[in-house]
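1. model this:
(one chain, ligands or ions: 3)
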Amino acid sequence: MISAFTGTQVREAEQPLLDSGEGAVLMQRAAHGLAAAVVRELQRRGRRIYGSAVTVLAGKGNNGGDGLFAAAKLASRGMRTTAVLTADAAHPEALAAFLSAGGRAHRLAPENAEELAVLTAGDDAIIDSVLGTGARGGLRGAAAELVSLLQELRPALVVACDIPSGVDADTGEVHWPVLPADVTVTFGGIKAGLLADPGEEYAGRVELVRIGIEHRLPAASLLRLEAPDLTALVPSPGRRDHKYSRGVLGVVAGSERYPGAAVLSVQSASATGAGMVRYLGPGSVARHVLARTPEAVVEEGSPGRVQAWLLGPGIPDPEPGEPDGDEQLRRVRDTLEAARAAGQPVVVDAGALGVLPARCPAHWILTPHAGELAAFLSRRHTARGEAAVTRDDVGSRPLHFARLAATDSGATVLLKGATTLVASPSGAVFSQSEGTPWLATAGSGDVLAGLLGSLAAQYAETAMDDDGPFAALGIAPEDRWAAAAAVAASLHGRAGSRASDGGPLTARALLRELPERWPAWGTGTRSRSVSMTGRDPIRHAAVLLWHIAAPPRAGGGTLSAT
Ligand SMILES: NC(=O)C1=CN([C@@H]2O[C@H](COP(=O)(O)OP(=O)(O)OC[C@H]3O[C@@H](n4cnc5c(N)ncnc54)[C@H](OP(=O)(O)O)[C@@H]3O)[C@@H](O)[C@H]2O)[C@@H](O)CC1
Ligand SMILES: Nc1ncnc2c1ncn2[C@@H]1O[C@H](COP(=O)(O)OP(=O)(O)O)[C@@H](O)[C@H]1O
Ligand SMILES: [K+]
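-> Residues are numbered from 1 along each chain as shown. Ligands and ions are numbered 1, 2, ... in the order given. You can find the predicted model right below:
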């Protein structure tokens, strides 16, 4: 599991060492890691180190100090080094080291921004050391102009020092302009803003350099599940399991207008391990569901027992003033009441988001995209006389609004996007980013909803207990449903990347890929014979061979530690 921290958490962890006079040592470790990352990246691109040119954009604080010390180290390896000092002052010792290593420094001013941009853009590498965790707001004046120009000139390689300047280390919110980095070398702890959009988009590959404060860091502000976590958390049946004990999911989805969402979500749930799926909806939709998933059980009256519910895919939003007008929405309301009384987990998607009560339990998982979250929050805010929230608001502050929705409603909130955030009402957040933009295709969210519903049914009975797999990973009881939703987001993203392989994909292709993304199959850490149960052995054998020939791409593989 990857842990990320706010800038303040990292600074507080540094403080005792600064107080005992070890600040210079920390900075040397950071600078060493930064210089090494520049060298590695140039080598990876087939560039010679000796004689190649690097420019450091250096602000007045310690972030600028890191960059200047790193550039001094690069100068001593024979690189041609230039510093563009973006403020009227620079870290004195670092600047002295840089100059004595043979570096050349220019002071940035409005008059020379264009000239320096052209000079710098042709270099083999640029180090962005203008602002770090001490920033208030974004780049201003000539520094903003220089970075805007550089953005247009598309430099060969940008390495951000600690965080791309202009990205908020705590939230990932962005103050434009920001120079997009190919690599961000971050110190002591990964900053939360590197794992939340829009900041994540500007960070490139993130590399963590340990500087000796890691043991002082508090509980993470943001978590990301990795492949071994999935292996531990993805359910697989025990020898004595039967279909009811494996988890039965009830699905209220689809409408005359959108039958496909019911088809996809039921098929997804059925393909991802639920012991049984019970479907509730109009007869015409049920026929489509059965045509694709004959193993689903269509319920005409009150359904048999279930462990969890999925409500809402393909159900239109309630009409204002007539929330009960629709047959499916009535079912959703009735089911919500019954589920609350029974303490059952519920995945709430699409139209069902419009009929939620004011307070929900944490084991109800809401799955909005940015537009749906904006509408959800706006309904609640305007009812209290507060300002509405727009889709753009959510897009520019997804971490903030996901957290707000979770704390305000009491539910767990999975906010879909390029990076999917899952906020627990406790304030903890998971961030998963294994997907591909090709996942932005109709029906892809329905597949996610079915997958998450299926997991919820499988987790409902015992997985959340203190002797279950979530506890074994150290996940606090109040955050276990958020972790469950993060498992679904991660599997969905991995399946999408595999199904796409760099090209377009359909929700159907994603569905075909999902069972194959089941970690037990890829890693072999569990009995394969268990995983094979109920699947076509010839196809399974072909998949295994294929895995051996082409090991699965490491998901979340944009992070590394040195
Ligand atoms: N502590 C350590 O020993 C270690 C620290 N480390 C490194 O230090 C970084 C944090 O350093 P930091 O605290 O000096 O802040 P930093 O981000 O460089 O910049 C703040 C400076 O810029 C200014 N400023 C603020 N906003 C501004 C704006 N919008 N536009 C323009 N200027 C602005 C502000 O000055 P002010 O305006 O307040 O006078 C302030 O002087 C951290 O990210 C990591 O890289 C590592 O080396 C490990 C060891
Ligand atoms: N740019 C993107 N990069 C990666 N994943 C994305 C991107 N855009 C959307 N997705 C993912 O695709 C899915 C889309 O869901 P949703 O918008 O509900 O689609 P639909 O309602 O058509 O099924 C979500 O899981 C989301 O995280
Ligand atoms: K920076």
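
2. can you pull the buried residues of stretch 387-406?
-> Buried residues in stretch 387-406, counted by 16 or more other C-beta atoms under 10 Å: 389, 393-406. Quick note: C-beta positions are derived from backbone N, CA and C, even for glycine.

3. what pLDDT, on average, does it get?
-> For stretch 387-406, the mean pLDDT works out to 98.

4. In PDB, list the C-alpha atoms belonging to that stretch.
-> Provided in PDB are the C-alpha atoms of stretch 387-406 (Å, rounded to 0.1, in the frame of the first residue of the first chain):
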ATOM      1  CA  ALA A 387     -24.300  27.800  -2.800                       C
ATOM      2  CA  ALA A 388     -24.700  25.100  -5.500                       C
ATOM      3  CA  VAL A 389     -21.600  23.100  -6.700                       C
ATOM      4  CA  THR A 390     -20.700  22.800 -10.400                       C
ATOM      5  CA  ARG A 391     -19.100  20.000 -12.300                       C
ATOM      6  CA  ASP A 392     -16.000  22.300 -12.800                       C
ATOM      7  CA  ASP A 393     -15.800  22.900  -9.100                       C
ATOM      8  CA  VAL A 394     -15.600  19.200  -8.500                       C
ATOM      9  CA  GLY A 395     -13.100  18.800 -11.400                       C
ATOM     10  CA  SER A 396     -10.700  21.300  -9.900                       C
ATOM     11  CA  ARG A 397     -11.100  20.200  -6.300                       C
ATOM     12  CA  PRO A 398     -12.000  16.500  -6.400                       C
ATOM     13  CA  LEU A 399     -10.300  15.600  -3.100                       C
ATOM     14  CA  HIS A 400     -12.100  18.400  -1.300                       C
ATOM     15  CA  PHE A 401     -15.500  17.600  -2.700                       C
ATOM     16  CA  ALA A 402     -15.200  13.800  -2.300                       C
ATOM     17  CA  ARG A 403     -14.300  14.300   1.400                       C
ATOM     18  CA  LEU A 404     -17.100  16.800   1.800                       C
ATOM     19  CA  ALA A 405     -19.700  14.500   0.400                       C
ATOM     20  CA  ALA A 406     -18.600  11.700   2.600                       C
END
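
5. can you list contacts of it?
-> The contact list for stretch 387-406, computed with C-beta atoms under 8 Å, 6 or more residues apart in numbering, reads 171-174, 192, 196-198, 222, 366, 368, 370-371, 373-374, 376-378, 381-382, 411-413, 415, 417, 419, 421-425, 427, 429.

6. Give me the neighbour count for the residue of the stretch 201-350 of the chain found nearest ligand 1.
-> Nearest residue of the stretch 201-350 of the chain to ligand 1: I211, at 5.7 Å (C-beta to the nearest ligand atom). Residues within reach of I211, counting by other C-beta atoms under 10 Å, total 23.

7. Then G172?
-> For G172, using other C-beta under 10 Å, the count is 31.

8. ok, so what distance separates the residue of the chain positioned farthest from its centre from A31?
-> Centroid-distance maximum for the chain: S100 at 42.9 Å, with C-alpha atoms, centre = their mean. Distance, S100 to A31, by C-beta to C-beta, to the nearest Å: 15 Å.

9. Please give the element, helix or strand, for L119.
-> Using DSSP states H and E, L119 maps to helix 113-121.

10. Show which residues not belonging to that helix make contact with it.
-> 55, 57, 82, 84, 106, 108, 126, 142, 145-146, 149-150, 153-155.

11. same deal with stretch 64-73?
-> Contacts to stretch 64-73, defined as C-beta under 8 Å, 6+ apart, come from residues 27-28, 30-32, 34-35, 38, 54, 56-58, 81, 83, 85-87, 90-91, 93-95, 97-98, 100-101, 103, 127-130, 132, 161-162, 187.

12. Who does G250 form a beta bridge with?
-> Note on G250: beta-bridge partners by DSSP bridges are R278, W309.
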